[in-house]
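**Q** here is a sequence with its predicted model. Questions after.
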Amino acid sequence: MPYPNEHAARQKDPSGYDRFARSHPKGWPAGVDAIYGIKNGKSEIQAVRFDKSKWTVDAAKKWLKENGFKTSGFEPAAKKVTKNFWRGVL
């Protein structure tokens, strides 16, 4: 399901993790965050998220390629928020 405010670039299947954390890695540009999947005390980047107010789809895909990320799925931000969007998230 697309997020309303950000583009999402999945790196790994989220079902392989126990929990998640989000951060803005040092040196990454504004509006780009990493979602870390955590299992057995070890973490790795599970997804990369781009603020849609700062990043176009094309610019996000270009940044991923230039930085060696190979995505298993890219979802542009939702064009509009549906009435029941948050029901599936909470």
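**A** Arrived safely. Numbering: from 1, shown residues only.
**Q** residues in contact with the residue positioned nearest the centre of the chain?
**A** By CA atoms, centre = their mean, the chain has its centre lying nearest to residue 49, at 2.9 Å. By CB atoms under 8 Å, 6 or more residues apart in numbering, the contact set of residue 49 is 3, 6-9, 22, 32-35. Where you see a C-beta, it was placed from the backbone N, CA and C, and this is true even at glycine.
**Q** I'd assumed it was in a strand, is it?
**A** Yes. Under DSSP: H, G, I helix; E, B strand; the rest coil, residue 49 sits within a strand.
**Q** contacts for the lengthiest helix in the chain next, please.
**A** As assigned by DSSP state H, the longest helix anywhere in the chain is helix 57-66. Contact with helix 57-66 is made by 7, 9, 29, 32, 48, 50, 55, 71, 74, 76, as judged by CB under 8 Å, 6+ apart.
**Q** least confident pick among those?
**A** Lowest pLDDT within these is found at residue 71 (84).
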